[in-house]
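Undergrad: need a structure here:
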Amino acid sequence: MRKFYLILVLILSFSCSQKQSDIRITEFEKVLGERQTKALNLLVSDFEKNLAKIYPNLTIDKGYRQYLIDIKSDTITDWKKFDFQSKKTNSEFYKSGLRNEIYDKDTTELKANNLGKYMNALYSIKDTDSLIKKYWDKKEAIGIMQNSIFVDGFLYSNPDFKDYFHKRIAIIEFSF
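TA: Residues are numbered from 1 along each chain as shown. The predicted structure follows:
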């Protein structure tokens, strides 16, 4: 009988955490917008295809970690391998308005759009995850971060590269 109750508690716990995750994703996507969410999902797809190509012997989540380590390395000579957006995805990134929701371009440089839908979408769920909260706070204060600053801070926060949001944060930082 104890095993039954233990199993029931585990199932209910998993079910509740799954619902919480679904609610967060729904809220994030609602604030970001349908077309922008589709563009972001295309970025994720392209990124993960590129990870499989660059790191064929690693799982996708280990590939994310290795990508971040490599992107800040001084020993990389072939930077082109880190380009992951297909022409179709890049086009949708711009046409959907997602790029403008993430970045502002003034006359001389690219800047973070702290008032855009991306930051607002993160704001709507930031208190549900310590990594998201730290990232949001830093992004709001600093804007666009140097690769080494982002990577060191992000990896220090121990991201879960199976997590919907952690993946997207990593990808957005390298999507210009």
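Undergrad: which parts of the chain are strands?
TA: Ranges of strands in the chain, per DSSP state E, are 103-105, 110-112.
Undergrad: can you put the ones you listed in TSV and add distance to K134?
TA: All C-beta spots, glycine's among them, are computed from the backbone N, C-alpha and C. Listed next are the strands of the chain as TSV, based on distance: least, Cβ to Cβ, whole Å:
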stretch	distance to K134
strand 103-105	21
strand 110-112	16
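Undergrad: could I get those as TSV with mean pLDDT and mean neighbour count?
TA: Compiled in TSV, the strands of the chain are given as follows (pLDDT from 0 to 100; neighbours: other Cβ atoms under 10 Å):
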stretch	mean pLDDT	mean neighbour count
strand 103-105	85	15
strand 110-112	86	14
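Undergrad: so which of these is nearest I149?
TA: I149 lies closest to strand 110-112 among these, at 13.2 Å (Cβ to Cβ).
Undergrad: each with direction, which strands does that closest one pair with?
TA: Strand 110-112 has the following strand partners under DSSP bridges: strand 103-105 (antiparallel).
Undergrad: what does the partner strand rub up against?
TA: 110-113, 116, 144, 176 (Cβ atoms under 8 Å, 6 or more residues apart in numbering).
Undergrad: check those and tell me the two furthest apart.
TA: Greatest spatial distance in the contacts of strand 103-105: G116 and F176, 14.5 Å, computed using Cβ to Cβ.
Undergrad: which one of those two has more residues nearby?
TA: More crowded of G116 and F176, by other Cβ atoms under 10 Å: G116, with 19 against 12.
Undergrad: where does the closest residue to that one other than its chain neighbours land on pLDDT?
TA: In space, and not counting its chain neighbours, G116 is closest to E101: 3.8 Å by Cβ to Cβ, 6 or more residues apart in numbering. pLDDT recorded at E101 is 93.
Undergrad: try Y164
TA: 96.
Undergrad: what about it, neighbour count?
TA: Residues within reach of Y164, counting by other Cβ under 10 Å, total 14.
Undergrad: how about the helices in this protein?
TA: For the chain, the helices defined by DSSP state H cover 2-32, 34-54, 60-71, 87-95, 98-102, 117-125, 130-142, 147-156, 164-172.
Undergrad: could you dump those to TSV with distance to T77?
TA: Formatted as TSV, the helices of the chain follow (distance: least, Cβ to Cβ, whole Å):
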stretch	distance to T77
helix 2-32	36
helix 34-54	14
helix 60-71	11
helix 87-95	24
helix 98-102	28
helix 117-125	32
helix 130-142	29
helix 147-156	16
helix 164-172	23
